[in-house]
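S.K.: I need the structure of the sequence given here:
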Amino acid sequence: MAYADVYTSWQNDPEAFWLKQAEAIDWVEPPKQALFERGDHIYEWFADARVNTCWNAVDRHCENGRGHQTAIIWDSPVTHTKREISYFELRNRVANLAGALRAKGVEKGDRVIIYMPMIPEALEAMLACARLGAIHSVVFGGFAAHELAVRVDDAKPKCIIAASCGIESGRIVHYKPLLDGALEQSTHQPDFCVIFQREQEVAHLEEGRDVNWHGFQFGTEPADCVPVEGNHPAYILYTSGTTGQPKGVVRPTAGHLVALNWTMKNIYNVDPGDVFWAASDVGWVVGHSYICYAPLIHGNTTIVFEGKPVGTPDAGTFWRVISEHKVKSFFTAPTAFRAVKREDPKGEFIEKYDLSNLNAIYLAGERADPDTIEWTKKMTGKPVYDHWWQTETGWTIAGNPVGIEPLPVKIGSPTVAMPGYDIRILDEEGHEVPAGTLGAIAVKLPLPPGTLPTLWNAPERFEKSYLAHFPGYYETGDAGMKDEDGYLWIMARTDDVINVAGHRLSTGGMEEVLASHPDVAECAVIGVADELKGQLPMGFVCLTKGVNRPHDEIATECVKLVRDQIGPVAAFKLVTVVDRLPKTRSGKILRASMVKIADGQEFKTPATIDDPAILDEIREAVGTLGYPLKKAG
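M.R.: Next up is the predicted model:
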């Protein structure tokens, strides 16, 4: 069946389409109805069903003869450790942990915060919660105490599961003191905390509150899977804004199971038993969907990787893992490949490894510039598919449905809408714009299964954040366009479309041009305040390793490149060379913070930032370009 036929079959009868996909899930009580409309543009999928996520991700594979298959490969170059866990072993470990949590009072509907590094026990904690019908909220390991405290007060967990420490190249991150600090700040206090002690750092346990991961499981009965309603929250995942209260995205159980299972074959083109690797972190949505849940629901082997794309130990780490574990589909963020390319521009490390088992590479998490895609394709000889989705959706909005049929790749486009998503490009008034015209990207309601139905304890904020601007649509916050073939082009966040003397321009388009410069490894373009034109673009470029040419010369070439390819209308003349760009720990460039620095505004350092010192480097670089502007008087 062709993609167009599949998409049309969804359009013609969305409920029948998703009920058909739901047949792949093991139900306690199967759904009789797919979609439930609750009024005010609020929808739920499979709300009449009863099901358990852990059963579908673990137990059913054991029951169906796949128990000896490896479920999880843990590969930790930072601790020089590798381990394999079968589905049988995973079931036993998860059932024991769930039994111990239940013995201490954790039940269906209770919240559990998980604060752990990239170790298999993080997945076991998530699955143990799912087994009990408890609602987990994973907080990225190493988040500051204040940020953890905010999430504790919002989710009000009965229990917190944490590790003693995280390990990064050359340093230990002390999780337990951060947890203790968070609980000193928070008004809500959990009944107890479970601490997984790592040998690299054994943490102090607070008497009466903290229990040891292994010790508290001793002598407890393993727990069976607890059926939950289809609309029961599987988890809460907080998205971190640069200011204010983080938003708690709610993931409903049944839709999550159906949608994620569908994606593994239709988008990532893997069969049960294949090795799938998403190089992300369990603290982010990619880690939830494609390290933990989707691969296990689908019966794949998933890789839990504790390391970095470069430096653990070198720029060949990705290729080593892919070769050694026979990875069939690999998913990471473009920033990871930019880091590899910067260290190894000629791809010399790639030549050392056998990538013959790898079918394709998938990119998401930020805009994938054509230069990075071209380099990755050329060096690996593998197809590279960009795809686009959000924390809120939990799975692909637009992508290349390779398991249905691989569509022609247009580099720079994440390809086409997936079934369930009716994507429209709107102007400020909410009217559709013609093909090739830049506008706000919105999705006609209802959103498909697995996407957020609301925000935790914040229905008004959900409505205001996503539904109010364009009634009848979900506002993605991204700007872009569709071409004549229906391919989507993501150009920038809506906030990153700048207005230069009345012309609406995409900073993403300028970034694509800068990234094509042979000496540029990575770049960012922001809009800064200008007294004459309203806004001007300002570019920051990081150079490829080994480039020793004068920076002024490179900056001049960059300006010429943008002016030649986008035209004088871009008014592009501000560019500076920097060593690195400020990013979140998941690799997103913190453009909003850069704008505030350039405009001289006060701002709070984002909790997600990888290294706050970079902001001072950006402040210095911006100063060399004469910003922030001196205010008259």
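S.K.: Now do the contacts for residue 479.
M.R.: Residues in contact with residue 479 (C-beta atoms under 8 Å, 6 or more residues apart in numbering) are 438, 439, 440, 441, 490, 491, 492, 493, 494, 496, 497, 506. (Each C-beta comes from the backbone N, C-alpha and C, glycine too.)
S.K.: From these, which land in helices?
M.R.: Among the contacts of residue 479, DSSP state H puts none in helices.
S.K.: Nearest to residue 151, out of those residues: which one, please.
M.R.: Checking these against residue 151 by C-beta to C-beta gives residue 493 as the nearest, at 23.8 Å.
S.K.: Out of the contacts of residue 479, grab the one that's most surrounded.
M.R.: residue 441 (27 neighbours; other C-beta atoms under 10 Å).
S.K.: in the sheet, who's paired with that residue?
M.R.: Counting by DSSP bridges, residue 441 forms beta bridges with residue 425.
S.K.: Next up, the contacts around it.
M.R.: Applying C-beta under 8 Å, 6+ apart to residue 441 gives the contacts 423, 424, 425, 426, 476, 478, 479, 480, 488, 490.
S.K.: just residue 574 next, same as before
M.R.: Per C-beta under 8 Å, 6+ apart, neighbours of residue 574: 528, 536, 537, 538, 539, 625, 627.
S.K.: Of the residues you listed, grab the buried ones for ChimeraX.
M.R.: Burial among the contacts of residue 574 is assessed by 16 or more other C-beta atoms under 10 Å; the matching ChimeraX selection reads:
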select :528,536,537,538,539,625,627
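S.K.: Filter the contacts of residue 574 down to the ones in strands?
M.R.: Counting by DSSP state E, the part of the contacts of residue 574 found in strands is 528, 536, 537, 538, 539.
S.K.: out of these, who's nearest residue 451?
M.R.: residue 537 (33.4 Å).
S.K.: wait, that closest one sits on residue 506?
M.R.: No: between residue 537 and residue 506 there is no contact under C-beta atoms under 8 Å: 9.8 Å.
S.K.: returning to what we had before: let's have the contacts of residue 479 in a markdown table, adding distance to residue 115 and pLDDT.
M.R.: Formatted as a markdown table, those follow (distance: C-beta to C-beta, whole Å; pLDDT from 0 to 100):
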| residue | distance to residue 115 | pLDDT |
| --- | --- | --- |
| 438 | 41 | 92 |
| 439 | 40 | 94 |
| 440 | 36 | 95 |
| 441 | 34 | 97 |
| 490 | 32 | 92 |
| 491 | 36 | 84 |
| 492 | 33 | 76 |
| 493 | 29 | 77 |
| 494 | 32 | 76 |
| 496 | 32 | 75 |
| 497 | 36 | 76 |
| 506 | 38 | 79 |
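S.K.: Tell me the one among these nearest to residue 165.
M.R.: Once C-beta to C-beta is applied, the member of the contacts of residue 479 that ends up nearest residue 165 is residue 493, at 34.5 Å.
S.K.: Could you save the contacts of residue 441 as CSV and add columns showing distance to residue 407?
M.R.: Compiled in CSV, the contacts of residue 441 are given as follows (distance: C-beta to C-beta, whole Å):
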residue, distance to residue 407
423, 15
424, 20
425, 19
426, 25
476, 21
478, 21
479, 23
480, 18
488, 12
490, 17
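S.K.: among those, who's most crowded?
M.R.: residue 480 (25 neighbours).
S.K.: Help me confirm that it is found in a strand?
M.R.: Yes: under DSSP: H, G, I helix; E, B strand; the rest coil, residue 480 sits within a strand.
S.K.: How much space separates it from residue 386?
M.R.: For residue 480, the distance to residue 386 (C-beta to C-beta, to the nearest Å) stands at 13 Å.
S.K.: can you check residue 122 too?
M.R.: 28 Å.
S.K.: next one: residue 225
M.R.: Taken as C-beta to C-beta, the span from residue 225 to residue 386 is 37 Å.
S.K.: Kindly report the same for residue 304.
M.R.: Separation of residue 304 from residue 386 (C-beta to C-beta): 24 Å.
S.K.: got it, and residue 119?
M.R.: Separation of residue 119 from residue 386 (C-beta to C-beta) stands at 30 Å.
S.K.: Counting neighbours, go ahead and name the busier of the two.
M.R.: residue 386 (26 against 23).
S.K.: State the helix or strand in which residue 251 lies.
M.R.: Taking DSSP states H and E as the definition, residue 251 sits inside strand 247-252.
S.K.: Beyond that strand, next helix or strand please.
M.R.: For strand 247-252, the following helix or strand on the C-terminal side (DSSP H and E) is helix 253-266.
S.K.: elements contacting that next one?
M.R.: Identification of packing neighbours for helix 253-266 by 3 or more C-beta pairs under 8 Å, 6 or more residues apart in numbering; DSSP states H and E yields helix 14-21, strand 42-45, strand 50-51, helix 53-54, strand 233-239, helix 294-297.
S.K.: Any stretches of the chain with poor pLDDT?
M.R.: Across the chain, residues meeting the criterion (pLDDT under 70) sit at 240-244, 495, 502, 504, 630-633.
S.K.: domains for it, by residue range?
M.R.: Each domain of the chain is listed here as a residue range: 3-307+387-480, 501-624, per automatic domain parsing.
S.K.: Next up, the contacts around residue 225.
M.R.: With C-beta under 8 Å, 6+ apart, residue 225 has these contacts: 52, 54, 55, 59, 131.
S.K.: Columns neighbour count on top of those residues, output as CSV?
M.R.: Output for the contacts of residue 225, formatted as CSV (neighbours: other C-beta atoms under 10 Å):
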residue, neighbour count
52, 25
54, 26
55, 24
59, 21
131, 28
